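Chemist: pasting the structure only:
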């Protein structure tokens, strides 16, 4: 099958006098899954409309298989291009199957009735979107998510070469979101379709799309692979918000989180955290959010807690990866601990590499210990850690998990807790 | 000699008695005339209202064409101050001041003219009557439903205007003319009564049903109204029934254009060709005012209808 | 309920056949009913004389009057009732689909007020250019002028936004109604005729009326049926329909043209008969579903059946007095519609 091509040649669109899109230029061929992102009113939906012939660009052309879209009849386009809109309001009692079958309209002659072949195609689409069981249900009784999947099925029933989706996973539960996106990704490869999807969830696009186009005020701000487009810098410039861009531990895909901001203005107590292996990631975020002055040590570079603390711009006593805590770092850590109002020790395994952290904890004015598992299970120092631990425990507040830490902190601050 | 004296006495007595009777009747008539022309007087109008007329009215306003015709027939035209827009008979009436239509009387205008007496009717004018009464005017409402009531109303107007004698004269003549027709016609058996259809308007076909003047008139002059069993006074009439009942005489009222044109129009209706009246050329047109206005000209209507329906009994 | 039964046990073709048979029976049956007292058997014989092959076998045993009544008065009226009822049913269905609005009926684009103005002008000024057919022809011309006006008001750069069309129709209707009210106020003795025309009715209609209305109603109906599937797709939205290949603007123009032809023709020969164009589509949608390929012909057939029966009642219930047919349609149709609404579990729109 000859591959389909879609070229958007330097188009510009306007509503009345204002330019909504300018200098939009890119191309796609069968197998491409392109994600279009950008803040509201950046022109994402307008872009889709100009590709599907609803809007006519006042300069430039959209070429579908090298033919100007505006010279083609709607039916001709519909045989090759399908659109899944953002919202569908259907208030008539057509059954879901009837709605999906409407996808065959461009392929049928005026007086032709739907044939068994058409029914088979519709059934296949519905099975792919896991909606075949809804076939006989009237469409106005379905939930938003179910309707959305039906609409997607309808688009697939057109047997398109190009698929345009406007925020297709909006109303879907997470399981359906994954299902649909997996499906679309697979179809784009297997059927060599061009898929262009508008998304507002940045994490989704980086996981599924081959290429991204970041729109800003009607222009292409950045285009290319996810890693190049979705940088903290770009996102801050376009969306105006600070984010952390990480690579997911398991899938290697990008994870984008907005940075936590200080929620409470007045500076609160100093809290030093002794942690490791990612045990204090959410704890540190919570503490920062609640206005505490947080520090971390001693932590190995590359550890997840280290990365989090770096992102939160905390005071860190860092140690080279896989190394034992040096004397110098031990002293530094001690300094911070003595200065801190509160010290928190998380549920970490203790080995010879970090036993010095346990020693340092003894100098804390107020110690809170998180104990999920008994120390005996976490002791890799043949008993030395356990001894130190129990000594610390005598004078410390104990919580079962990191979430209890904040409450304990608060009650300690208000002086309710006694030694 | 004795016989002559007795005869003289008898004849003298007779003459005395005769004179006495004459005098009495004359006196009686005179007294009635005297009494009738005695104001203030009280009358009861057709709406059941008791109206007191304090003095002989000199300025009268008529709100309906029929009342206007009565006033003019009683030779009271000089006292008629204003009439309605529809008062078109006699021609002189059209020169009078106008105070509105039939259902759109201009109350302000009426009051501003300060009439001594206002003649109105019931139905749509009932509200006007009440309002004028509330504003202090003397109003009489007339609503005749039969020929007799028309004559009574003429006499009532005469009494109210201080012209009872003239009114009586008029009604006597009218009654005589009517009688001339009804004597010949009223006892005719059904077999001798032609079937009559009266067309008030076409598209849709409307006729006069029971309880209307026209229905009464048709019967009075010796015909039978095929629509006298209809369910309404002015029903839209089913074409099928018209053909089924096959009238021998069709009378139409014409609004504008010539009678001749209207009659021709009826005779040229394709589906009406099989009706006896059309086949035998017995389609006539009549001025609707003659059969619908409860005034003196109703008798003209009677006579004309009689000629249409029974040319054998009544001639020009 | 009904819908499930129908859909389960009947195919579309069966529904249409079933309804057509009922329509045929209605026509035959109502021909035997009327103000004139003609025995049904005689009526049937009279009808049979019109069939080409059998007519030689019938021996006439009736009067010319009876034949005239059946063939020249009753039958054309029934056939016209069937045509007008079907026209209003189809037009109403198309309007509700086009506007996606349950309140839409054939009259909302100003066609009825235009036709009314034409008829009333004819009555008030006593125009007789076309003889007895002046009223229908003037009504048709003025109806066409009204819809032309509405169309031009609502057209924006070659497009026809549906909401603007609705508002333009309302505006033109209001304006023309004001003129009509004024004419009625000053009408005097012609008021009766005007009121009767406005109330709608089939009194006195003959075969010429049938021949005048038939071509427009037939043409318009065929045209709409050709685009029945397109109308289905339009229901899911104009933009999605475009994406599925429907030329939306062209379709709108075709639908409006067809509805105008049908409605103008119907109103010019029968006055303004209400209820049929508004409620019959709703009833049929409840019974056969929203697919226009079966809804349109069903509405046409049931519209015809309904109006013929309503007119039969109108001309026999207090014969020989006639009741305006619009009263009958509303009086009997509304309770049935209310019943259907109450027994359905969900709303229809």
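Modeler: Structure received. Source: prediction; values computed, not measured.
Chemist: ranges for the helices of the stretch 51-200 of chain B?
Modeler: B:65-73, B:107-112, B:126-134, B:147-161, B:164-185 (DSSP state H, counting those that start in this stretch).
Chemist: can you tell me which of those helices comes nearest to residue C:215?
Modeler: helix B:65-73 (47.6 Å; C-beta to C-beta). Quick note: C-beta positions are derived from backbone N, CA and C, even for glycine.
Chemist: list the helices and strands that closest one packs on?
Modeler: Helix B:65-73 is packed against strand B:60-62, strand B:80-83, strand B:117-120, helix B:147-161, with contacts defined by 3 or more C-beta pairs under 8 Å, 6 or more residues apart in numbering or on different chains; DSSP states H and E.
Chemist: Mind listing what's buried along the host helix or strand of residue C:152?
Modeler: If you go by DSSP states H and E, residue C:152 is part of helix C:134-154. Residues of helix C:134-154 classed as buried: C:134-140, C:142-147, C:149-151, C:153-154 (neighbour count, 16 or more other C-beta atoms under 10 Å in any protein chain shown).
Chemist: That helix: how far from the chain's middle?
Modeler: 17 Å (C-alpha atoms, centre = their mean, to the nearest Å).
Chemist: Tell me, how many residues neighbour the residue of the stretch 1-150 of chain C found nearest chain A?
Modeler: Going by C-beta to the nearest C-beta, chain A is nearest to residue C:100 of the stretch 1-150 of chain C, at 7.4 Å. When neighbours are defined as other C-beta atoms under 10 Å in any protein chain shown, residue C:100 has 18 of them.
Chemist: I'd say it and residue C:235 touch.
Modeler: Yes: counting by C-beta atoms under 8 Å, residue C:100 touches residue C:235, with 6.4 Å between them.
Chemist: Angles on the backbone of whichever residue of the stretch 201-316 of chain B sits closest to chain A, please.
Modeler: Nearest residue of the stretch 201-316 of chain B to chain A, counting by C-beta to the nearest C-beta: residue B:204, 40.9 Å away. Phi and psi for residue B:204, reported as degrees, to the nearest 10, are phi -80, psi 170.
Chemist: Can you tell me, leaving aside adjacent residues, what's nearest to it?
Modeler: residue C:203 (4.0 Å; C-beta to C-beta, 6 or more residues apart in numbering or on different chains).
Chemist: And for residue C:153?
Modeler: Closest residue to residue C:153 apart from its sequence neighbours, by C-beta to C-beta, 6+ apart: residue C:168 at 4.1 Å.
Chemist: what about the one you found, helix or strand, and which?
Modeler: According to DSSP H and E, residue C:168 maps onto helix C:162-185.
Chemist: What of residue A:322?
Modeler: Applying DSSP H and E, one finds residue A:322 in no helix or strand.
Chemist: which residues does the closest residue to it other than its chain neighbours contact?
Modeler: Excluding its sequence neighbours, the residue lying closest to residue A:322 (C-beta to C-beta, 6+ apart) is residue A:300, at 6.9 Å. By C-beta atoms under 8 Å, 6 or more residues apart in numbering or on different chains, the residues touching residue A:300 are A:276, A:306, A:318-323.
Chemist: Then residue C:109?
Modeler: So residue C:109 contacts C:95, C:146-147, C:150, C:165, C:168-169, C:172, C:256, C:259-260 (C-beta under 8 Å, 6+ apart).
Chemist: hey, where'd the helices end up in the stretch 151-300 of chain C?
Modeler: Counting by DSSP H, counting those that start in this stretch, the helices of the stretch 151-300 of chain C are C:162-185, C:191-199, C:207-226, C:228-234, C:238-243, C:248-270, C:276-288, C:292-316.
Chemist: Any residue of stretch B:118-127 touching chain C?
Modeler: No: Stretch B:118-127 does not reach chain C (C-beta under 8 Å from any C-beta of the partner chain); its nearest approach is 12.3 Å.
Chemist: contacts for that stretch?
Modeler: Here stretch B:118-127 has contacts from B:46-47, B:60-64, B:66-67, B:70-71, B:102-103, B:105, B:110, B:128-129, B:132, B:137-143, B:157, using C-beta under 8 Å, 6+ apart.
Chemist: Could you identify the buried members of those residues?
Modeler: Looks like the contacts of stretch B:118-127 have B:46-47, B:60-64, B:66-67, B:70-71, B:102, B:105, B:110, B:128-129, B:132, B:137-143, B:157 buried, using 16+ other C-beta under 10 Å.
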